[in-house]
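Engineer: structural data only, the sequence is not supplied:
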């Protein structure tokens, strides 16, 4: 059984930075593509927005237009951990962020097979 454990959220001022981490266990991590989705306050689970994703070997990445140039997704050397470096944070980035994994390159919520428990990010002065 795949287990994802995400962490690193918190309260940060506009313009600040945070780094989210997600640990993968239970299966061979290099088989799975991974990514980060976010669920803004008042939105439902099915409305989670794809923020960034990375292929199983780390060779390709995808970013939502709203975060391009500010966020960077990466996989650790052992490929069983992914990170989301978030810079120049804006109030509209406030959301619960969820690590996700799937057997295909994650470009849509329907491709997610496994979810982390979520970590809250609040951007406010």
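Structural biologist: The structure has been received and is ready for your questions. None of these values were measured; they are calculated from a predicted model. Numbers count the residues shown, from 1 in each chain.
Engineer: residues contacting residue 115?
Structural biologist: By Cβ atoms under 8 Å, 6 or more residues apart in numbering, the contact set of residue 115 is 4, 98, 99, 100. All C-beta spots, glycine's among them, are computed from the backbone N, C-alpha and C.
Engineer: list the contacts for the third one?
Structural biologist: With contacts defined as Cβ under 8 Å, 6+ apart, residue 99 is in contact with 4, 5, 6, 20, 22, 34, 35, 36, 82, 115, 116.
Engineer: quick check: which element contains it?
Structural biologist: Assigned by DSSP states H and E, residue 99 belongs to strand 95-102.
Engineer: likewise for the first one?
Structural biologist: Using DSSP H and E, residue 4 maps to strand 3-7.
Engineer: mind listing what that strand pairs with, with the direction of each?
Structural biologist: strand 18-25 (antiparallel) (DSSP bridges).
Engineer: could I get the contacts of residue 99 in a markdown table, plus columns for distance to residue 49 and pLDDT?
Structural biologist: Listed next are the contacts of residue 99 as a markdown table, based on distance: Cβ to Cβ, whole Å; pLDDT from 0 to 100:
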| residue | distance to residue 49 | pLDDT |
| --- | --- | --- |
| 4 | 18 | 96 |
| 5 | 21 | 96 |
| 6 | 16 | 94 |
| 20 | 15 | 98 |
| 22 | 17 | 96 |
| 34 | 16 | 94 |
| 35 | 11 | 96 |
| 36 | 10 | 98 |
| 82 | 17 | 94 |
| 115 | 14 | 97 |
| 116 | 15 | 97 |
